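**Q** the amino acid sequence is not available; the structure is as follows:
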């Protein structure tokens, strides 16, 4: 299936911004805590998740020539896909098994990431001037 009308550069830029917001906090917390699940520092990860994907969608939407919501959704999907693939590779290298529950959780979080990307695109699109409106 070909994606017509999609500016791939815009999607990649949005996904890159999302990853730049998401990956460093996750890597830092994981490096500091390892497998310590009881630390309150882990709350940084959901906050990074809630910031990264709307930002990825918003950046893509503001730069998209057409279809800002689609660009925002694709940017968030791409960013989460890269992060998920990195996590799967890390787990496989570490010898951790990939269970069905982990797979389903990943798919559900992917859907949430896409939804957050669309929200960010929508909010960015509200601030974007309409092409019909000419400013003096």
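**A** Happy to help now that I have it. Please read all numbers here as calculations on a predicted model, not as lab measurements. Numbering: from 1, shown residues only.

**Q** gap between residue 102 and residue 74?
**A** Remark: distance between residue 102 and residue 74 (Cβ to Cβ, to the nearest Å) = 25 Å. Every residue, glycine included, has its C-beta placed from N, CA and C.

**Q** between the two, who's got more neighbours?
**A** Comparing residue 102 with residue 74 by other Cβ atoms under 10 Å, the one with more neighbours is residue 74, at 27 against 14.

**Q** quick one: buried residues of whichever strand or helix holds that one?
**A** Residue 74 belongs to helix 68-94 when assigned by DSSP states H and E. Residues of helix 68-94 classed as buried: 68-80, 82-83 (neighbour count, 16 or more other Cβ atoms under 10 Å).

**Q** tell me the helices and strands packed up against the helix or strand hosting residue 62.
**A** Applying DSSP H and E as the criterion places residue 62 in helix 44-63. Under the contact criterion of 3 or more Cβ pairs under 8 Å, 6 or more residues apart in numbering; DSSP states H and E, helix 44-63 touches helix 8-33, helix 68-94, helix 100-127.

**Q** contact partners of it?
**A** If you take Cβ atoms under 8 Å, 6 or more residues apart in numbering as the criterion, helix 44-63 is touched by 7, 10-11, 13-15, 17-19, 21-22, 25-26, 29, 68-69, 71-76, 79-80, 109, 112-114, 116-125, 127-128.

**Q** what subset of those is buried?
**A** 7, 10-11, 13-15, 17-19, 21-22, 25-26, 29, 68-69, 71-76, 79-80, 113-114, 116-122, 124-125.

**Q** that older thread, mean confidence score for the helix holding residue 74?
**A** Mean pLDDT, computed over helix 68-94, is 93.

**Q** and the pLDDT for residue 53?
**A** So residue 53 comes in at 97 (pLDDT).

**Q** actually, residue 59.
**A** Here the pLDDT value assigned to residue 59 is 96.

**Q** equivalent analysis for residue 1, please.
**A** 49.

**Q** and if you look at residue 35?
**A** Note for residue 35: predicted pLDDT of 69.

**Q** what of the one 10 residues further on?
**A** pLDDT recorded at residue 45 is 89.
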